[in-house]
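1. model this:
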Amino acid sequence: MHTTIYLHLSLCARIFILAVLPLIAVHGLAPDPNSLIEATESMKEFARKQVAKGTVSERLDSLLHELVSPEGLGFTYDASLTLTASEAFEMRRGNCLSFALLVTAIGREIGLNVHFNRSPRNPSWTDLGRIVVENHHINCVVKTDYSAHLVELFPEYTTLYSYQLDLIKDEEALADFYNNRAVFYVADGNSSEAHEHFKQATRIYPDSSATWKNWSILHKAEGNIQKAENCLNNALRAKGDKASVYFMLSQIHEQRNNLEMAQRYAKLAEKFNRRNPFYAYSQAEQALVEGNTELAIKHLRKAIRLMPHNARFHFRLGEIQLLAGNIRASEKSMIKARHLGFQSPTLLAGQ
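-> Model (predicted):
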């Protein structure tokens, strides 16, 4: 899984960044990135004792059953954890990347031809307070001479087919792992570890636009604009979405007061902005600063359409509706925000 992050710098300036999810704090880097998908003795024993022998389909079906069933490993999905294969095995949980690493490690141990695969599913967003993460999805494919089995933790996405696949090299998935963990080191304020993990990610797979964008965000947050721009230039040369890179470059040039270049990159980024709920939220805040409550409400309604379960959006809409004198609508928005779990007594204009 990889994501886009929006760092809230004192909640007054938003910066966009691509990344993946981790919460577990592992100090230091693995000496060999391939160790992330190595099967431990416990995992090998699990494969020998629990996974049935037979054809590729029989072994794969048995492996998945043993991994997720309560009587087996009982693996459960946890979006907040990016874990190595061995960590996911021991903790019995993790996000989609963790599960993909686990399946790859044990699958290859039992002779399956496992590959990492990027899913075409649309991204979702997770609001973590200081940062906002755009989540993308990764899974596995087990190939045979005649077919490709898509391996999914979620049954509704599991099927047998050999099209719409985006198989990626191990190096790319392993770079995603370090990229993910770097993002949460950023969230925890540990910039030293974050830099080391971004460096490791780009060393393993330098063609990842997501990692370069994330690293750019950290440099920009630390005030190193030139290094931030260098990372974005690397992102433009790498694989991946270019629209968000254009948006970030527009911010760089705006900060340098190079308005012509800023506008040029902003136009190129328009496609990215249209589908981003947090961009709509930031537009609402700008409209409010300019005294245009009607436009602010319009932008917030768009943000809610794109991300209906974000409590902050509903609460902010309620505040602005109250400013506009629409008490009944404000009460409805506040009730919705509380229903979704919003607890803060206020969200001040300007945040």
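2. Check which helices and strands the helix or strand hosting E45 is in contact with.
-> Here E45, judged by DSSP states H and E, is contained in helix 41-50. Other elements packing on helix 41-50 under the criterion 3 or more CB pairs under 8 Å, 6 or more residues apart in numbering; DSSP states H and E are helix 56-68, helix 85-91, helix 96-109. For every residue, glycine as well, the C-beta is placed using N, CA and C.
3. Strand partners (parallel or antiparallel) of whichever helix or strand comes after the shortest one?
-> Tracing the chain C-terminally past helix 85-91 and defining elements by DSSP H and E, one meets strand 93-94 next. When pairs are called by DSSP bridges, strand 93-94 turns out to pair with strand 76-77 (parallel).
4. chain center to the partner strand, what's the gap?
-> 17 Å (CA atoms, centre = their mean, to the nearest Å).
5. List the contacts of that strand.
-> 92-96, 99, 153-154 (CB atoms under 8 Å, 6 or more residues apart in numbering).
6. Weed out the non-buried ones from those.
-> Applying 16 or more other CB atoms under 10 Å to the contacts of strand 76-77, the neighbour count classes 93-96, 99, 153 as buried.
7. where does the chain have its least confident helix or strand?
-> strand 13-19 (a mean of 31; mean pLDDT, DSSP states H and E).
8. H314 and S330 touch, don't they?
-> No - taking CB atoms under 8 Å as the definition, H314 is not a contact partner of S330, at 10.5 Å.
9. picking that back up, want to throw the helices and strands packed on helix 41-50 into TSV with distance to N310 and mean pLDDT?
-> Shown next, in TSV, are the helices and strands packed on helix 41-50 (distance: least, CB to CB, whole Å; pLDDT from 0 to 100):
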stretch	distance to N310	mean pLDDT
helix 56-68	30	91
helix 85-91	28	95
helix 96-109	21	94
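10. Number of residues surrounding R237?
-> 11 (other CB atoms under 10 Å).
11. Kindly apply the preceding question to L83 instead.
-> Neighbour number of L83 under other CB under 10 Å is 27.
12. So it belongs to a helix, correct?
-> No - read with DSSP: H, G, I helix; E, B strand; the rest coil, L83 is coil and lies in no helix.
13. Could you report the pLDDT at it?
-> We have a pLDDT of 93 for L83.
14. cool, and E229?
-> 94.
15. in terms of contact, does it touch Q251 like I think?
-> No - contact criterion CB under 8 Å: E229 and Q251 do not qualify, at 10.3 Å.
16. Compare neighbour counts for those two and give me the winner.
-> Q251 (22 against 18).
17. how much space is there between that one and I217?
-> 10 Å (CB to CB, to the nearest Å).
18. of all the buried ones among the contacts of strand 76-77, which comes closest to R338?
-> N95 (28.5 Å; CB to CB).
19. Under the pLDDT cut-off, which ranges of this protein? List them.
-> 1-28, 30-31, 120-135, 155-164, 343-351 (pLDDT under 70).
20. Repeat the analysis, applying 50 as the threshold.
-> 2-27, 159-162, 345-351 (pLDDT under 50).
21. and A175, how many neighbours?
-> 27.
22. How about the contacts made by it?
-> 201-202, 204-205, 208, 211.
23. now the strands for the stretch 151-300 of the chain?
-> 167-168 (DSSP state E, counting those that start in this stretch).
24. Helices of that one, start to end?
-> Ranges of helices in the stretch 151-300 of the chain, per DSSP state H, counting those that start in this stretch, are 170-187, 191-204, 209-221, 225-237, 243-255, 259-268, 270-274, 277-289, 293-306.
25. Reformat those as TSV; add distance to T84.
-> Formatted as TSV, the helices of the stretch 151-300 of the chain follow (distance: least, CB to CB, whole Å):
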stretch	distance to T84
helix 170-187	7
helix 191-204	13
helix 209-221	18
helix 225-237	26
helix 243-255	28
helix 259-268	37
helix 270-274	32
helix 277-289	30
helix 293-306	33
